[in-house]
Every structure is written in C-alpha cells, then in structure tokens.
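Novice: Prediction below, plus the sequence it came from.
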Amino acid sequence: MHIPVLLHALLDGLGPLQGKEIFDGTFGAGGYSRAFLEAGAAKVMACDQDGHVKSIAACLADEFSGRLEFYQRNFADVQEFISGELDVMVVDLGVSSMQLDQAGRGFSFQKDGPLDMRMGQKGSSAADLVNHLPAEELADILYRFGEERASRRIAAAIVKRREQIPLEGTLELAELVATVVRGRPGHHPATRTFQALRLAVNGEFDALQTFLIASQAKLRPGGI
C-alpha cells in the first residue's frame, strides 16, 4: 500500500476541506487526492505528467462518483487546463517511489535500467544529456542541481567514457561516478549526480517557479 509523505500533517495544515475545490498537482498513486475526497472535498482536479497513473485515477474517479477530474499534464501548466479559482493547491515535489521502483524508468541505480528519467516520456532523456552535452554544461548541471563539488571531475570522466562507448544504463553511470568520488556514509557516490540529471531532464525548478506564479492567479481569496 502506498503511503503519501506527510499526509496527516498536510491535512491538519489545510483544515476543513468539506465542499472545497482542490488541485492536486502531483497525483502519483492518488494518496493525496483520495484523502481530500474522503475529507469531503466537492471536487479534486488532479494532474500528473506520468501517463502510467491514468488507470489509478480512473478507478478513483469511479469510486467517488466523478468528483475527481484527472489531466495528464505538468502542474506548471495549470492555467491552461483548469478554469476558475480554487480553494487549495497542493504539489508533492520530486520523484515518486513508484517511479524509483520501476527499473525501466531509469530513475534509480538500485537496479539496472536505461538512462531515461523522464517523468512525462517526452523530451531529452538523461542518456541524451550525458552523451551529448559539453563537459562544461554537464558539470554546471551536476553542481547546480546536485550540489556536487566533484562536478567537473565527474563530467570529465563521463566525456572520456562516451568517447569510447555511449553511456546507456543506470548502473553503468553509477559505477563510473563511483570511480571518481567517494560517497558519504549511507549514500551512494552517484546520488547527487542522479538527482541533478533528473531535475535537469524534467525542468523541475522551472516548473515550480511557473506554478508558484500561476497559483497567485488561481487561488480564491483566503486560499492555501
């Protein structure tokens, strides 16, 4: 059973939801949306760019008699597909456990899989970045999005390797990074590299900034 992060703290902070219209910008396994509906929300408008969750959303919509509307979109585009104002807007940022558990999505180095990391299966993959970006741009991504102090050494190692053969798998990249840097206790050496690539591939910082600006126009007075 999927347990959403900080669910009880979130519900306590939002207060009574009876009759309210709520936007769940990161539907995932539907944990937040279900809780909002069970708390009496009049309608939950949910979205997720990951098409793998559409079947979960369809089941939840049936269970709650159409009080859930689902859109396969990025929450940053909320103004394009949600009309009117909302009482509550919620996003749960980052990668989901569902995505990490699927080796074929390429988010994790716990199991081997393709270097993908795209939440919406569109645009450039992580493999595209590591195999084609100049070393300077690659290092900037690792430093900016992963706070990786060894970013230049890692980027140089990646460029050297791809000159011989393209990097295609998660374990391949993780093992390469491990030859360059040592991990902290309890953390794999490639943790920061994978975080940085995921953030870059999905444009997560830009999406958050766009959403925060849009939310000012979408929330009713007193909205949360």
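Specialist: Happy to help now that I have it. Residues are numbered from 1 along each chain as shown.
Novice: going forward, measure contacts between C-alpha atoms and count neighbours the same way
Specialist: Will do.
Novice: roughly how far out does stretch 35-47 sit from the chain middle?
Specialist: Relative to the chain's own centre, stretch 35-47 is displaced by 21 Å; criterion: Cα atoms, centre = their mean, to the nearest Å.
Novice: ok, now which residue in this protein is the farthest from the centroid?
Specialist: Most distant residue from the mean C-alpha position of the chain: Q164, 31.9 Å away (Cα atoms, centre = their mean).
Novice: Check whether I56 really touches S33, as I assumed.
Specialist: No - look at I56 against S33 with Cα atoms under 8 Å: they stay out of range, at 11.0 Å.
Novice: okay, the two: which has more neighbours?
Specialist: Neighbours per residue (other Cα atoms under 10 Å) separate I56 from S33, with S33 holding more: 27 against 14.
Novice: phi, psi of that one?
Specialist: The phi and psi torsions at S33 (degrees, to the nearest 10) take the values phi -60, psi -40.
Novice: okay, it: pLDDT?
Specialist: For S33, the model assigns a pLDDT of 97.
Novice: can you pull the contacts of it?
Specialist: Shown in contact with S33 (Cα atoms under 8 Å, 6 or more residues apart in numbering): D24, F27, V44, A46, L68.
Novice: Tell me the predicted confidence for the third one.
Specialist: With respect to pLDDT, V44 scores 98.
Novice: check which helix or strand covers it.
Specialist: Element membership of V44 [criterion: DSSP states H and E] is strand 43-47.
Novice: for this structure, what spans make up the strands?
Specialist: Using DSSP state E, the strands of the chain run over 21-24, 43-47, 68-71, 88-90.
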